[in-house]
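**Q** Take this sequence and fold it.
(chains A and B)
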There are 2 protein chains.
Amino acid sequence: MAEVKNKKVILKDYVNGFPKESDMLLDASSTISLSLPEGSNGILVKNLYLSCDPYMRGRMSKSQGSYVDSFTPGSPIVGYGVAKVVDSGHSDFKKGDLVWGFTGWEEYSIIPAPETLFKIQHTDVPLSYYTGLLGMPGMTAYAGFYEITSPKKGEYVYVSAASGAVGQLVGQFAKLSGCYVVGSAGTKEKVELLKNKFGFDDAFNYKEEQDLNAALKRYFPNGIDIYFENVGGKMLEAVLLNMRLRGRIAVCGMISQYNLEEGEGIRNLSSVIGKRVRMEGFIASDHYHLYPKYLEMVIPLIKQGKICYIEDVAEGLESAPAALVGIFSGRNVGKQVVVVARE
Amino acid sequence: MAEVKNKKVILKDYVNGFPKESDMLLDASSTISLSLPEGSNGILVKNLYLSCDPYMRGRMSKSQGSYVDSFTPGSPIVGYGVAKVVDSGHSDFKKGDLVWGFTGWEEYSIIPAPETLFKIQHTDVPLSYYTGLLGMPGMTAYAGFYEITSPKKGEYVYVSAASGAVGQLVGQFAKLSGCYVVGSAGTKEKVELLKNKFGFDDAFNYKEEQDLNAALKRYFPNGIDIYFENVGGKMLEAVLLNMRLRGRIAVCGMISQYNLEEGEGIRNLSSVIGKRVRMEGFIASDHYHLYPKYLEMVIPLIKQGKICYIEDVAEGLESAPAALVGIFSGRNVGKQVVVVARE
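**A** As a prediction, the model looks like this:
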């Protein structure tokens, strides 16, 4: 039975405030057998691509009734990834199958209950897309935009964190739906991407705006029908000042709040009354039954060049801690992926 | 042409902070002709009952893009009321008709565009009910509870400001829908009413609770499915900590915030993501097309004694300023009405 090295990224302890690379360590000493133990119903996978996602910040803290469990200090980080089946004790999977879903931040993982994994059918697109465009972030954009906000042609759509894994897709879906869409991001380079690559009607660098309310009034003189909320805090307050009657806010994430001891207070929530605004939190996995429908829509769009996707690819498991930490300061440009192995 | 005295309650100037009786004055010097001018398409009404409602606070301030216009300083307060037609230049109304809708805080009003008024058909119930149970507050409770929160049997419902014009009805509708309902109010007397008169399953005095989160955990050990939001601020923060998965918050009002220079910040809004909470602001008048359906439901319930309604009745136009000011400190017990005349 072949034993091989199995490098891992371990969470040292629960994290307070902004996560640092030093909150994780690289364990280069572990090994793993490339055959499952006799009688296992799980699968053994080789991890190819790992996904760095904002929601993971919550799992680095001691659980306070969040919707996802905390990571286990001393164990590898867990997250979405793309992997190849090396050995299978489960009748639905065989050696060589490609899957995406939850896996460990390590070279090889044993997945005891692989039923929640998605088998990858379309391999004529970049496999890394299954951590983004064709994975959880893609389903987040799809379900959040189409199911939660019910967009209508001609509506005004605003996306914050717009060049990120989810935002870049929401903007493109909004354009495909005939909406007017403006995005914000934190660098000049990202703003250029929004306008020139993803086809947003307009975009701005929120870090250069002294007054977010004034900025939104400039970009949305008629107000905002749909806000795809990725950041929270002061941006949400400014958006509430600019919502139109019967506007919808899909609350996808509030990344500006995740590293604060106490959230910034939203002081103008009562404006939802007069404006009849609906705010709704959602989680992509509630909508995974729509995944086949999503693929049916999006795979042709990818092949026709009507949807594009920007990834920020970090090479090697060693680079994973920095890549994960980087998304909380906006260091990444586009979806942050870590390549563990390409096949 | 008979000229009669027409007492009025005038808003002196825009209000900052808590409104005071002295923000209004009683004008006893005006007179009015009891016949409409030749060619008028409006109606002349004798005001019977006037309604004191929390949303009126917004109209006392200089408009900042609120959903209702400001009152005009120097002119009478405007609000919902019940009135009797004295003279009509409009083909839909005739002398003696009873109506409810927007009128002035005065003995007689000319209503130039009476199309928005509702003609009162059922007069075998107290006429004052058309300022409450059978008027805007009734439609607020009905639309907010049934249309916005889509209640299901067995769900856990929490109502703040629960003995008020709207809250007492939401609690009773919730019981009729087979929900478990707890209300909060600000005095022992009101809490007793909630439990003994309106049939809430339980109730508490929020002013006696040091820790609202702990109080809600005590009354809702399984969490809250539906929150009917009347108060905002710290209560909303505590509720967000206790919402169940896929909970709904109908945002009817945030009375705790109306007299503050700047709203209290809601610091834990991001919890709507993991809990998939939907928050929706609404206005009764958007749902007035449902009024006939509402009457069809509620009139029999009133006659069968299955719905009750508590009013706090102030006698005479002179008492109107104190009555209006009182609702912002919770002085009223039940719906605050002012009787101008009984017929």
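
**Q** show me where the stretch 101-250 of chain A has strands.
**A** In the stretch 101-250 of chain A, the segments counted as strands under DSSP state E, counting those that start in this stretch are A:108-111, A:118-119, A:156-159, A:180-185, A:202-205, A:224-229, A:243-251.

**Q** what about the helix or strand just after the last one and chain B, touching?
**A** Scanning forward in sequence from strand A:243-251 by DSSP states H and E, the next helix or strand is helix A:271-274. Yes. Using Cβ under 8 Å from any Cβ of the partner chain, we find that helix A:271-274 touches chain B at A:271, A:272, A:273, A:274. For glycine as for every other residue, the C-beta is placed from the backbone atoms N, C-alpha and C.

**Q** Equivalent analysis for stretch A:69-81, please.
**A** No. On the criterion Cβ under 8 Å from any Cβ, stretch A:69-81 is out of touch with chain B, staying 11.5 Å away.

**Q** Residues in contact with that stretch: which ones?
**A** Contact with stretch A:69-81 is made by A:8-14, A:24, A:27, A:47-53, A:56, A:59-63, A:100-106, A:131, A:135-136, A:320, A:324, A:340, as judged by Cβ atoms under 8 Å, 6 or more residues apart in numbering or on different chains.

**Q** ok, residue A:339 touching residue A:311?
**A** No. Residue A:339 is beyond contact range of residue A:311, at 9.9 Å (criterion: Cβ atoms under 8 Å).

**Q** Name the nearest residue to the closest residue to chain B within the stretch 201-343 of chain A, sequence neighbours excluded.
**A** Proximity of the stretch 201-343 of chain A to chain B (Cβ to the nearest Cβ) peaks at residue A:265, 1.3 Å away. Nearest residue to residue A:265, sequence neighbours excluded (Cβ to Cβ, 6 or more residues apart in numbering or on different chains): residue B:265, at 1.3 Å.

**Q** now, which of the contacts of stretch A:69-81 lie within strands?
**A** Here DSSP state E is the test, and the contacts of stretch A:69-81 give A:8-11, A:24, A:27, A:47-51, A:100-104 as lying in strands.

**Q** The nearest residue to residue A:155 once chain neighbours are set aside: what's it in contact with?
**A** Spatially, and ignoring its direct neighbours in sequence, residue A:155 is nearest to residue A:225 (3.9 Å; Cβ to Cβ, 6+ apart). With contact taken as Cβ under 8 Å, 6+ apart, residue A:225 is in contact with A:151, A:152, A:155, A:156, A:157, A:179, A:243, A:244, A:246, A:247, A:248.

**Q** and the stretch 201-343 of chain A, which residues reach chain B?
**A** Residues of the stretch 201-343 of chain A lying near chain B (Cβ under 8 Å from any Cβ): A:232, A:236, A:251-254, A:257-258, A:262-283, A:286.

**Q** are any of those buried, and which?
**A** Neighbour-count burial (16 or more other Cβ atoms under 10 Å in any protein chain shown) applied to those gives A:232, A:236, A:251-254, A:257-258, A:263-283.

**Q** Enumerate the positions of stretch A:121-138 that are buried.
**A** A:125-138.

**Q** hmm, that stretch touching chain B?
**A** No. Using Cβ under 8 Å from any Cβ, stretch A:121-138 never reaches chain B; the gap is at least 13.8 Å.

**Q** Identify all contacting residues around that stretch.
**A** A:48-51, A:53, A:80-82, A:98, A:100, A:118, A:120, A:165-166, A:169, A:284-285, A:294-295, A:298-299, A:302-303, A:307, A:309, A:311, A:313, A:335, A:337, A:339.

**Q** how far is it from where the chain is centred?
**A** Relative to its chain's centre, stretch A:121-138 lies at 12 Å (Cα atoms, centre = their mean, to the nearest Å).

**Q** thought residue A:322 was touching residue A:314?
**A** Yes. In terms of Cβ under 8 Å, residue A:322 counts as a neighbour of residue A:314; the distance is 7.1 Å.

**Q** Who has more neighbours out of these two?
**A** residue A:314 (21 against 15; other Cβ atoms under 10 Å in any protein chain shown).

**Q** From residue A:100, how far off is that one?
**A** 18 Å (Cβ to Cβ, to the nearest Å).

**Q** nearest spatial neighbour of residue A:151, skipping sequence neighbours?
**A** Counting by Cβ to Cβ, 6+ apart, the residue nearest residue A:151 is residue A:177, at 4.8 Å.

**Q** can you pull the pLDDT of the one you found?
**A** We have a pLDDT of 98 for residue A:177.

**Q** So what's the residue count around it?
**A** 18.

**Q** ok, now how distant is it from chain B?
**A** 22 Å (Cβ to the nearest Cβ, to the nearest Å).

**Q** now swap in residue A:167 and tell me
**A** Taking Cβ to the nearest Cβ, one finds residue A:167 at 15 Å from chain B.

**Q** now residue A:155
**A** In terms of Cβ to the nearest Cβ, residue A:155 sits 18 Å off from chain B.

**Q** List the buried residues in stretch A:17-34.
**A** A:19, A:23, A:24, A:32.

**Q** How about stretch A:145-155?
**A** So stretch A:145-155, judged by 16+ other Cβ under 10 Å, has buried residues A:145, A:146, A:148, A:149, A:151, A:155.

**Q** same deal with stretch A:164-179?
**A** Quick answer for stretch A:164-179 (16+ other Cβ under 10 Å): A:164-175, A:177, A:179.

**Q** repeat for stretch A:229-242
**A** A:229-233, A:235-242.

**Q** same question, stretch A:196-208
**A** A:197, A:198, A:199, A:200, A:201, A:203, A:204, A:205, A:206.

**Q** Show the average pLDDT along it.
**A** If you average the pLDDT values across stretch A:196-208, you get 98.

**Q** How far does that stretch sit from its chain's centre?
**A** On Cα atoms, centre = their mean, the centre of stretch A:196-208 falls 19 Å from the chain's centre.

**Q** My read is that residue A:160 contacts residue A:234, right?
**A** No. In this structure, residue A:160 is not within contact of residue A:234 by Cβ under 8 Å, at 10.8 Å.

**Q** pLDDT score assigned to the residue lying closest to residue A:17 once chain neighbours are set aside?
**A** In this structure, residue A:17 finds its nearest non-sequential neighbour in residue A:259, 5.5 Å apart by Cβ to Cβ, 6+ apart. pLDDT recorded at residue A:259 is 85.

**Q** For stretch A:131-150, list the C-alpha coordinates in PDB.
**A** What follows is stretch A:131-150, C-alpha atoms only, in PDB (Å, rounded to 0.1, in the frame of the first residue of the first chain):
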ATOM      1  CA  THR A 131     -14.400  26.800  -7.500                       C
ATOM      2  CA  GLY A 132     -16.000  29.900  -9.000                       C
ATOM      3  CA  LEU A 133     -18.100  30.400 -12.000                       C
ATOM      4  CA  LEU A 134     -19.300  26.800 -12.000                       C
ATOM      5  CA  GLY A 135     -19.200  26.300  -8.300                       C
ATOM      6  CA  MET A 136     -20.600  27.800  -5.100                       C
ATOM      7  CA  PRO A 137     -19.900  31.500  -6.100                       C
ATOM      8  CA  GLY A 138     -21.600  30.900  -9.500                       C
ATOM      9  CA  MET A 139     -24.600  29.500  -7.700                       C
ATOM     10  CA  THR A 140     -24.500  32.400  -5.300                       C
ATOM     11  CA  ALA A 141     -24.700  34.900  -8.100                       C
ATOM     12  CA  TYR A 142     -27.300  33.000 -10.000                       C
ATOM     13  CA  ALA A 143     -29.600  32.300  -7.000                       C
ATOM     14  CA  GLY A 144     -29.100  35.600  -5.400                       C
ATOM     15  CA  PHE A 145     -29.700  37.600  -8.500                       C
ATOM     16  CA  TYR A 146     -32.500  35.600 -10.300                       C
ATOM     17  CA  GLU A 147     -34.300  34.000  -7.300                       C
ATOM     18  CA  ILE A 148     -33.900  36.600  -4.600                       C
ATOM     19  CA  THR A 149     -34.100  39.900  -6.500                       C
ATOM     20  CA  SER A 150     -36.400  38.900  -9.400                       C
END
